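[1] Fold the stuff below for me.
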Amino acid sequence: MGNEPTGGRDVEASENGGGRSSVEERYRKVFEHNNVAVMIVDFGTESFVDVNPRACELLRYSREELLSMDPEAIHPDDIARVREEFISQVKTEGTGFTDDLTCLTKDGDEVPTEISGAALEPADGGDAAADAEPKQMVAMLRDVSDRVRNRRQLEEKVERLDRFAGIVSHDLRNPLSVIQGHAELARQTGGSEHFDAIENAADRMEEMLSELLQLTREGDLIHERTEVDLAAVAQTVWVDCDMAPATLEIESSTTLRADRDRFHELFVNLFENASDHGGSSVAVRVGTLDGSDRSGFYVEDDGAGVPADERNDVFEWGHTTTGDGTGFGLAIVAEIAEAHGWEIGVGASASGGARFEVSGIDL
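    Residues are numbered from 1 along each chain as shown. So this is what the prediction gives:
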């Protein structure tokens, strides 16, 4: 009888010990086979006590290398913020999280991650007092490269759509001015030809608005490319823009593949730029570039030209040298050229005006 309690306690101790061992084994399996990088970090030494295979895979170091490393080598740009925000939060609150942490791999690649952590209770023994400060924490790193990439793509798409809206709203001014001008002439003369011009301009506006709706759905500036004749497009745009008394001279022409509507808008903005800066009687010339190593075309005028110190800025959004300009015209030209894979530059024409060259075109 007297030995029974002792035997019971031994059995209980054995069962409890077995239970602890079983729980530890379960946690070890979770640690080892987790698809999230898990690290045990010592608060005092700021060193890794243990790391799981996923951590080695993510950072491309061996386990031995990571256990001998300073965490600062993995977060060289963020270590101060990690200490001040993340580690201090885990110490004071027991848990912490940040979704903006860049890790540097052994190969030197930057991996965007999010990290969550929790303080680990002191081990059984003298340090297990209720008020004992935690000595270690478990930190879990998750690779969020796909999320960051998708966010950037979304931001770029939103920015691109904003630009598309700016392009269309800017280019609507031309047919609007044509409608206003011919409406006034129709009132004065009653000529039916003015109503034809108004109808054509209204059709162009409807087409542009339809294109904007399509752009917002698809997110691409250019669509199907077809063969277009340089001279034919230039002459059509000249008439649409009602450029008289300015003059247009086609010095040479070629056929190229482009989105016809966007190519039309490119010329609209180049011609409007010539008129804005060269006056209503400006002379404009269009032709192909010379030389076997240069494929493309040019649009030049005899206006005031672009000062050399401003040539790097003229294609920037919002850049304008006129009091009533929007700074969109040449930016739109550059956007359309770039969307086609072309290059555009500006220099001086033989007469001292502006000369825009579009190159890199497969003719």
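[2] thought E133 was touching K91?
    Yes. Contact status for E133 versus K91: in contact at 7.4 Å, counting by CB atoms under 8 Å. From N, CA and C alone the C-beta is placed, and that goes for glycine too.
[3] which SSE is the residue nearest the centre of the chain in?
    What sits nearest the mean C-alpha location of the chain, by CA atoms, centre = their mean, is E156, with 3.3 Å. Using DSSP states H and E, E156 sits in helix 145-171.
[4] List the buried residues in the very next helix or strand once past that helix.
    Downstream of helix 145-171, the next assigned helix or strand under DSSP H and E is helix 173-189. Within helix 173-189, the residues scored as buried using 16 or more other CB atoms under 10 Å are 174-175, 178-179, 182, 186.
[5] which helices and strands does the helix holding E156 pack with?
    Judged by 3 or more CB pairs under 8 Å, 6 or more residues apart in numbering; DSSP states H and E, the packing partners of helix 145-171 are strand 110-120, helix 193-218, helix 260-278, helix 329-339.
[6] Return the distance of L141 relative to V36.
    Distance, L141 to V36, using CB to CB, to the nearest Å: 7 Å.
[7] Give me the more crowded residue out of these two.
    For L141 and V36, the more surrounded residue by other CB atoms under 10 Å is L141, and the numbers stand at 23 against 13.
[8] Check the secondary structure at that one for me.
    Under DSSP: H, G, I helix; E, B strand; the rest coil, the three-state class of L141 is strand.
[9] Just the pLDDT for it.
    Per-residue pLDDT puts L141 at 94.
[10] OK, contacts around it?
    Remark: with contacts taken as CB atoms under 8 Å, 6 or more residues apart in numbering, L141 is in contact with 36-39, 55, 58, 101, 103, 113-115.
[11] and what of D362?
    D362 sits in contact with 256-257, 295, where contact means CB under 8 Å, 6+ apart.
[12] so where's the protein uncertain?
    For the chain, the stretches flagged by pLDDT under 70 are 1-20, 122-132, 163-164, 166-168, 170-171, 207-208, 210-220, 292, 317-327.
[13] circling back to that earlier point, now the angle from the helix holding E156 to helix 329-339?
    Angle of helix 145-171 versus helix 329-339, following axes from the mean of the first three to the mean of the last three CA atoms, to 10 degrees, is 130 degrees.
[14] Specify the angle between helix 145-171 and helix 260-278 in degrees.
    Using the same axes, to 10 degrees: helix 145-171 against helix 260-278 is 60 degrees.
[15] circling back to that earlier point, just the buried ones from the contacts of L141, in PyMOL syntax?
    In PyMOL, a selection of the buried entries from these looks like this (16+ other CB under 10 Å):
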select buried, resi 37+38+39+55+58+101+103+113+114+115
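[16] Between the contacts of L141, which sits nearest R26?
    V38 (14.4 Å; CB to CB).
[17] Report how many residues lie close to the residue nearest to the closest one when sequence neighbours are not counted.
    Sequence neighbours aside, N52 is the residue nearest to V38 in space, at 4.5 Å (criterion: CB to CB, 6 or more residues apart in numbering). The tally of other residues near N52 (other CB under 10 Å) stands at 22.
[18] again, but for E272
    Neighbour count of E272, defined by other CB under 10 Å: 20.
[19] That one and E343, how far apart?
    Going from E272 to E343 by CB to CB gives 21 Å.
[20] for D242, same thing?
    30 Å.
[21] just D100 next, same as before
    Using CB to CB, we find D100 at a distance of 37 Å from E343.
[22] Same check on A283?
    26 Å.
[23] so the closest residue in space to F267 that isn't next to it in sequence is in which element?
    Spatial nearest neighbour of F267, chain neighbours left out: V237 (4.1 Å); criterion: CB to CB, 6+ apart. Element membership of V237, judged by DSSP H and E, is helix 230-240.
[24] Now do that helix: which elements does it pack against?
    helix 173-189, helix 193-218, strand 247-250, helix 260-278, strand 283-288.
[25] Need those in TSV (columns: distance to A304).
    Converted to TSV, the helices and strands packed on helix 230-240 look like this (distance: least, CB to CB, whole Å):
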stretch	distance to A304
helix 173-189	22
helix 193-218	29
strand 247-250	17
helix 260-278	6
strand 283-288	13
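[26] With respect to R225, which of those lies nearest?
    That would be helix 260-278 among those, by CB to CB, at 8.5 Å.
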